[in-house]
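**Student:** Need coordinates for the below:
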Amino acid sequence: MPPKTNVSVAPDASFDVEHFLAQEQAKDLLRFTTAGSVDDGKSTLIGRLLHDAKGAYEDQLKQAIRGGEIDFSLLTDGLRAEREQGITIDVAYRYFATPKRKFILADTPGHEQYTRNMATGASTADLAIILLDASRGITTQSMRHAYIASLLAIPHFVIAVNKMDLVNYDEEVFHRLRAEFAPFLTRLGVNEAYFLPLSALKGDNVVDKSKNMPWFDGHSLLHQLETVDTTPSTLDAPFRMAVQRVVRPDMNFRGYAGQILSGIVRPGDTVLAQPSGRRSRVERIVTWDGDLEAAHAPLSVTLTLADEIDISRGDMIASGPDPTSARSFEATVVWFDSKPLDLAGDYLVKHTSQIVPVRLEAVEYRVNINSLHSEQVTSLAMNEVGVVRMTAARPLFFDPYRENRGTGAFILIDRKTDATAAAGMIVTAASGGVESSTDRVVRLVRAAIPTGARLQLPEDDEAAVKQLRELFKGLMRHE
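**Tutor:** So this is what the prediction gives:
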């Protein structure tokens with residue numbers, strides 16, 4: 001037996017944590033969402049993407065094994081009801097990363113019953129993957145998913161024609177579906193959708209290029225996700241910052257803190273303060289880590305101005321073209337609440353950093369999200385989409401949602417229950433008069449009557465008027 005010798009082995013280069021964290025920090029982020037009809041294979045596609053891109057953890061993979069093989073759909077269908085029914089019900093968020101980019105995936109439900117869930121999950125997405133089943137073709141749900149994604153102004157679309165293995169990877173099937181669906185997307189204002197044939201179950205064109213479809217000269221889904229332009233459109237938009245707090249630690253400092261919704265601001269820029277309408281100049285951009293030479297969306301900063309202006313929470317500091325200032329506006333809303341929209345109801349609108357009482361004046365129309373036809377209605381039920389005209393108690397400062405998602409979005413809150421009643425996207429300012437005291441009384445009386453009840457008034461009008469005067473005696477004032 002040969003004698004033992006001491007051999008010196010050069011140690012491996014130590015792992016540089018700081019360098020690794022700096023690399024991760026330097027990666028840009030893509031938020032994307034998925035939508036597909038029941039049995040289009042959406043959950044399987046996302047599971048395959050996570051698995052092949054090394055974005056799934058070992059414990060997740062173990063739980064997804066069925067019959068000795070991985071059931072990719074179980075990597076995203078986390079709720080027990082989802083596993084039992086084989087559908088997606090709630091929004092599932094997944095984070096993963098590749099050497100080129102970081103991703104946040106919102107796996108949203110496709111069924112019409114969960115339209116509000118899809119709208120919630122897709123509201124912050126930069127890219128939408130719309131699935132089509134190659135064996136079934138285009139369905140009304142496919143068109144509905146594309147409509148909602150376009151409604152939310154998602155800038156990038158991938159139309160994934162899935163289950164190509166079931167049609168023997170037929171090139172004609174793919175080209176036919178693209179020819180049928182592209183004109184519909186053009187009607188929605190989507191002009192640069194990327195059409196991609198794939199098989200989520202077999203892994204064709206998901207992470208790697210498929211050898212079964214040599215006729216397709218495009219690239220894989222992951223390649224598209226890694227290379228699509230993620231430059232925020234908010235950088236090119238006019239500067240907008242909603243004030244969340246006035247910072248006044250001592251007599252020598254007054255700053256206005258908030259999140260930049262769009263645009264870029266620099267010291268020396270001339271800005272407009274709404275609602276005062278006064279203009280001033282930015283002196284400093286203050287952060288915890290020190291002053292900045294420039295700041296952009298979505299950073300949260302504190303601005304100091306050259307002039308003392310009356311600015312408070314809910315006000316807006318802006319530059320460039322002035323934001324629209326209006327109390328009355330038209331907006332597209334997705335109704336969330338189980339209670340239908342009530343024109344006599346009591347609602348609040350949460351817009352940027354302010355919460356304001358709002359009156360719903362009229363439902364202009366409801367959108368049939370399967371046919372895109374307008375339907376005349378007086379209310380909206382849960383998961384329905386419509387255009388509503390409303391008037392706030394004080395002016396809102398906004399840009400149309402199509403131009404600026406930050407200043408054009410809002411939510412409606414039911415004042416009685418604090419429930420989120422709807423999500424809205426402002427279309428345009430509207431003409432609306434100031435509510436008279438008489439109109440307000442009528443609205444409040446209607447809202448005060450419980451469901452199923454009715455007023456018990458005398459049939460004789462004179463007697464009814466006398467009774468009402470007694471009821472309102474404490475509210476009347478004679479000039």
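
**Student:** When you work out contacts or count neighbours from here on, use the C-alpha atoms and nothing else.
**Tutor:** Will do.

**Student:** okay, R80: pLDDT?
**Tutor:** pLDDT, R80: 39.

**Student:** and if you look at S325?
**Tutor:** So, for S325, pLDDT stands at 91.

**Student:** check which helix or strand covers it.
**Tutor:** Here S325, judged by DSSP states H and E, is contained in strand 324-335.

**Student:** what residues are up against D269?
**Tutor:** D269 is in contact with R281, V282, S319, counting by CA atoms under 8 Å, 6 or more residues apart in numbering.

**Student:** Double-check that the first one belongs to a helix.
**Tutor:** No - following the definition DSSP: H, G, I helix; E, B strand; the rest coil, R281 is strand and is not counted among the residues of a helix.

**Student:** can you count the residues close to the residue lying closest to it once chain neighbours are set aside?
**Tutor:** Closest residue to R281 apart from its sequence neighbours, by CA to CA, 6 or more residues apart in numbering: T270 at 4.5 Å. Using other CA atoms under 10 Å, T270 has 17 neighbouring residues.

**Student:** From what I see, T270 and T304 are in contact.
**Tutor:** No - in this structure, T270 is not within contact of T304 by CA atoms under 8 Å, at 12.0 Å.

**Student:** Show me the common contact partners of those two, please.
**Tutor:** Joint contacts of T270 and T304 (CA under 8 Å, 6+ apart) are V282.

**Student:** Next one: T124 relative to G406, how far apart?
**Tutor:** According to CA to CA, to the nearest Å, T124 and G406 sit 10 Å apart.

**Student:** Over to R278?
**Tutor:** 22 Å.

**Student:** neighbour count winner among these two?
**Tutor:** G406 (23 against 12).

**Student:** Grab the nearest non-local neighbour of that one.
**Tutor:** Among residues not flanking G406 along the chain, L261 sits closest, at 5.2 Å (CA to CA, 6+ apart).

**Student:** Now do the SS call for the one you found.
**Tutor:** Counting by three-state DSSP, the backbone at L261 sits in strand.

**Student:** who are the neighbours in contact with it?
**Tutor:** L261 is in contact with T234, F239, R240, M241, A242, A297, P298, G406, T407, counting by CA under 8 Å, 6+ apart.

**Student:** What is the neighbour count of the fourth one?
**Tutor:** Using other CA under 10 Å, M241 has 33 other residues around it.

**Student:** Wait, it touches I260, no?
**Tutor:** Yes - contact criterion CA under 8 Å: M241 and I260 qualify, at 4.5 Å.

**Student:** Quick check: the gap between the residue nearest to I154 when sequence neighbours are not counted and H156.
**Tutor:** Once flanking residues are discounted, I154 sits nearest to D126: 5.5 Å by CA to CA, 6+ apart. Separation of D126 from H156 (CA to CA): 6 Å.

**Student:** just H373 next, same as before
**Tutor:** Distance, H373 to H156, using CA to CA: 24 Å.

**Student:** the more surrounded of those two?
**Tutor:** H156 (21 against 10).

**Student:** what residues are up against that one?
**Tutor:** D126, L127, A128, E192, A193 are the contacts of H156 under CA under 8 Å, 6+ apart.

**Student:** which residues does it bridge with?
**Tutor:** H156 has the following beta-bridge partners by DSSP bridges: L127.

**Student:** Count the neighbours of the closest residue to S353 other than its chain neighbours for me.
**Tutor:** Nearest non-adjacent residue to S353, counting by CA to CA, 6+ apart: G314, 4.9 Å away. Neighbours of G314 under the rule other CA under 10 Å: 23.

**Student:** what does the one 3 residues further on give?
**Tutor:** Around I317 there are 26 other residues, counting by other CA under 10 Å.

**Student:** isn't it right next to A273, touching?
**Tutor:** Yes - using CA under 8 Å, I317 is in contact with A273, at 4.7 Å.

**Student:** Check which element follows the lengthiest helix in the chain along the chain.
**Tutor:** For the chain, the helix with the greatest residue count under DSSP state H is helix 171-187. Using DSSP H and E, the next helix or strand after helix 171-187 towards the C-terminus is strand 194-197.

**Student:** export that next one as CSV, just CAs?
**Tutor:** The C-alpha trace of strand 194-197 is given here as CSV (Å, rounded to 0.1, in the frame of the first residue of the first chain):
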residue,chain,number,x,y,z
TYR,A,194,-46.6,37.0,-32.1
PHE,A,195,-48.2,33.7,-33.3
LEU,A,196,-46.5,30.6,-32.1
PRO,A,197,-47.4,26.8,-32.8
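
**Student:** Would you mark the buried spots in that strand?
**Tutor:** Using 16 or more other CA atoms under 10 Å as the test for burial, strand 194-197 gives F195, L196, P197.

**Student:** next one: that strand to chain centre, how far?
**Tutor:** With CA atoms, centre = their mean, to the nearest Å as the basis, strand 194-197 stands 24 Å off its chain's centre.

**Student:** Can you tell me the strand partners of it and which way each runs?
**Tutor:** With DSSP bridges as the test, strand 194-197 is paired with strand 156-162 (parallel).

**Student:** So what angle separates the directions of the strand it pairs with and helix 171-187?
**Tutor:** 150 degrees (axes from the mean of the first three to the mean of the last three CA atoms, to 10 degrees).

**Student:** Strand 156-162: how far from the chain's middle?
**Tutor:** Centroid separation for strand 156-162 versus its chain: 19 Å, with CA atoms, centre = their mean.

**Student:** can you check stretch 297-317 too?
**Tutor:** Relative to its chain's centre, stretch 297-317 lies at 25 Å (CA atoms, centre = their mean).

**Student:** Let me know the next secondary structure element after the lowest-mean-pLDDT helix or strand in the chain.
**Tutor:** Counting by mean pLDDT, DSSP states H and E, the chain has its least confident helix or strand at helix 80-85, which shows a mean of 42. Note on helix 80-85: by DSSP H and E, the next helix or strand toward the C-terminus is strand 92-97.

**Student:** In PDB, could you pull the C-alpha coordinates for that next one?
**Tutor:** Taking Å, rounded to 0.1, in the frame of the first residue of the first chain, the C-alpha atoms of strand 92-97 are listed here in PDB:
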ATOM      1  CA  ALA A  92     -51.600  32.000  -9.200                       C
ATOM      2  CA  TYR A  93     -48.500  34.100  -9.200                       C
ATOM      3  CA  ARG A  94     -45.200  32.400  -9.900                       C
ATOM      4  CA  TYR A  95     -41.700  33.900  -9.900                       C
ATOM      5  CA  PHE A  96     -38.800  32.400 -11.900                       C
ATOM      6  CA  ALA A  97     -35.600  33.600 -13.600                       C
END
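
**Student:** Give the buried residues for it.
**Tutor:** Buried residues in strand 92-97 (16+ other CA under 10 Å): A92, R94, A97.

**Student:** partners of the first one in the sheet?
**Tutor:** Partner residues in beta bridges with A92: D107, with DSSP bridges as the criterion.

**Student:** mind checking how far it is from L152?
**Tutor:** Counting by CA to CA - A92 and L152 are separated by 19 Å.

**Student:** Fine by me, we can end here.
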